[in-house]
Every structure is written in structure tokens, then in C-alpha cells.
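Visitor: sequence first, predicted model second:
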Amino acid sequence: MNFWDSVVERFGDNLETVLIPGAPLLMNKIVQALQERALTNLFTSVRFIVVAEMGVGIGRWIPFYASKDKYAVGIDISRSMLKIAKHKVFRAKLSNVDLILASVEAIPLRSNIVDLSLSITCIQHVIDETRHKHALSEILRCTKNLAVFLESKSMKNPMTLSHYYPTLLLPIKEYIKIFNELKGRIVKLCGVDFLPFFWWLERTRDFFYARIPNLKIPLYGGSLASRFMRSIYHIFACFSIALSLPFASLLGKNLVPSRHFLAVVKKIC
Ligand SMILES: C[S@@+](CC[C@H](N)C(=O)[O-])C[C@H]1O[C@@H](n2cnc3c(N)ncnc32)[C@H](O)[C@@H]1O
């Protein structure tokens, strides 16, 4: 089974499926609010007719960009994710959205056809460096105007691979270099979610995932020991989010310490 299908099987139509697996709901709601703060202005201030979201997932953002006069395409590698997104489209009575089962590494769209391309925590999951760069070039290939990337980034200079979720974290200067090579001009670059204590907690969690064999995301139900570990994680998560919140509101958009970056890239034709 595709990794992402198994995530859906475990979490269903829930923020945990597309944000932080195993984290308390409050944590995921806060991350969602911070991402929304970074993105919603873009959806309203940019003029576009055709929008394509790569790695559309459960369709979290579809209602934000698929208003009636626009045409939207959602692409994802997971059939189960797309099924949930399809229900959302149906419930919202949107008849202008197509959902396509495909990989961002081979986007089934013509070149220069999309006004606004989105990759919201999608590219980061292409964990092979060469394929990661190729996926970025695929997005820019089919983009006519703007491409928006909201992705995790490495805090240090070397790239890192996280273990609890297959995620490739590149340093921001590497992204800047790639966008330049792909003839994309960065028109906006900022941080999304500066949550210092939570970041440390996630690093600790990743440390254990990397070292304990068979520790799969996330520990749910199961033995008493695994339930105990999950409860400990939840308690620490609540403390870390409470301590991080003042930083998120004061320095939230600071690029350097933020967990994710937002890049708006204009395609130079
Ligand atoms: C963390 S989720 C984010 C989903 C959505 N963008 C959101 O913000 O709610 C990552 C999504 O990327 C999709 N994905 C991962 N690798 C992909 C690939 N190579 N091509 C297309 N989609 C991919 C996964 O199936 C998953 O739905």
C-alpha cells in the first residue's frame, strides 16, 4: 500500500493526515491557523483563473481557491487522499474542480497552463534530492504566472531527512538557488510558523524514530507501553505549544527560525 494511503487509513479525514501525525488536535489547529494566515491573502489578492494544487491531499485548501469563476485541478499520488478531497468538492457543490491521480514528478498538464500553482507541504515529501529538484521544475514548467511553495526547511546548512514522516529538509539558500536555475523570480519569501519549543520536541521525536526499529508513525492504541509513550508526547506537545505561542505571534513570519517557509515564485518567461 502507498505510504499516503496508509496514513489515510489510520487518520481519515482529519488534520493529522496532512499536518502532524500523532499530535494533539489543538496543536494541529494552531499549525493550520498559522498556515492559513500565510496563505489566505494570496488567494484573494492574486488574480488567477486556473489553479493547480500539487499534492492536494484531503482537499484542505480547495474551498479557499476554487471559487465559481475559477478552474481548479488537484493532483495527488494517493487515491485515498483524493477520495476524501472528492467528497469535499461534492459537499461544497463545486463543479469546477478536477482531481487527478498522478505524481508531481510527472504532472499531466501542458506547459505554461496554470496561473497559480500550489505546493503546500507536498514537494518536501519527494525525498530523493534529484527527484525533488525535478518535481520543482515540473511545477514551474506548467506554471504560467505564480507558483507558491509552503514547505518545511532545514534549520541548518546541510539538508536533512526526517524519519517520523518521509520529509526532505533543504536549507532555504538551496531553494533560492534551484528557483534561480529554473528561471523563477522569488517575489515573496517569509517564515510561516516559528514554534521553537515544539520544534525541539519534534527533533526529539525524530531522534527516537531514527533509532528504534519498527517504530512507525504514529503510535496509536496498541500496547500499554505505546499508549504511555503517546500520552507523554501529548503532554510535552501541549507544554511546548503553550510556550511557543508568544514567539509565533511576535516573530511568526521570521524566515530563519520558522519550521516552514512560504515562497511566491514568479515565472520568468
Ligand atoms: C502533508 S500532505 C499535504 C496535503 C495538502 N497539500 C495540504 O496542505 O493539506 C502531502 C500530500 O502530498 C502527496 N504527495 C506526496 N508525494 C507526492 C507525489 N510525488 N506526487 C503527488 N503528490 C504527492 C501526499 O499524498 C499527500 O496528500
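Guide: Thanks, I have it.
Visitor: which residue is nearest the centroid of the chain?
Guide: residue 121 (1.6 Å; C-alpha atoms, centre = their mean).
Visitor: and the stretch 1-150 of the chain, which of its residues are near the ligand?
Guide: 4, 18, 54-57, 60, 75-78, 81, 103-105, 120-122, 125-126 (C-beta under 6 Å from any ligand atom). Yep, even glycine has a C-beta here, placed from its N, CA and C like the rest.
Visitor: quick one: which of the residues you listed sit in strands?
Guide: 54, 75, 76, 120 (DSSP state E).
Visitor: save those residues as a markdown table, and put in neighbour count and pLDDT too.
Guide: Shown next, in a markdown table, are those (neighbours: other C-beta atoms under 10 Å; pLDDT from 0 to 100):
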| residue | neighbour count | pLDDT |
| --- | --- | --- |
| 54 | 28 | 98 |
| 75 | 26 | 98 |
| 76 | 24 | 98 |
| 120 | 23 | 98 |
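Visitor: which of these sits closest to residue 25?
Guide: When those are ranked by distance to residue 25 (C-beta to C-beta), residue 120 comes first, at 19.7 Å.
Visitor: for residue 59, see how far away the closest one is.
Guide: According to C-beta to C-beta, to the nearest Å, residue 120 stands 11 Å off from residue 59.
Visitor: count the neighbours of the residue nearest to residue 157 when sequence neighbours are not counted for me.
Guide: Once flanking residues are discounted, residue 157 sits nearest to residue 171: 5.3 Å by C-beta to C-beta, 6 or more residues apart in numbering. Residue 171 has 16 neighbours, counted by other C-beta atoms under 10 Å.
Visitor: before we move on, what about the one 10 residues further on?
Guide: With neighbours defined by other C-beta under 10 Å, the count for residue 181 comes to 11.
Visitor: in the stretch 1-150 of the chain, which spans are strands?
Guide: 50-54, 71-76, 97-101, 114-120, 143-152 (DSSP state E, counting those that start in this stretch).
Visitor: mind listing what's buried in the third one?
Guide: Within strand 97-101, the residues scored as buried using 16 or more other C-beta atoms under 10 Å are 97, 99.
Visitor: and it with strand 71-76, angle?
Guide: Here the directions of strand 97-101 and strand 71-76 differ by 20 degrees (axes from the mean of the first three to the mean of the last three C-alpha atoms, to 10 degrees).
Visitor: pLDDT score for residue 32?
Guide: Looking at residue 32, its pLDDT reads 95.
Visitor: count of neighbours near the closest residue to residue 239 other than its chain neighbours?
Guide: Excluding its sequence neighbours, the residue lying closest to residue 239 (C-beta to C-beta, 6+ apart) is residue 197, at 7.4 Å. Look at residue 197: counted by other C-beta under 10 Å, it has 17 neighbours.
Visitor: good, we can wrap up now.
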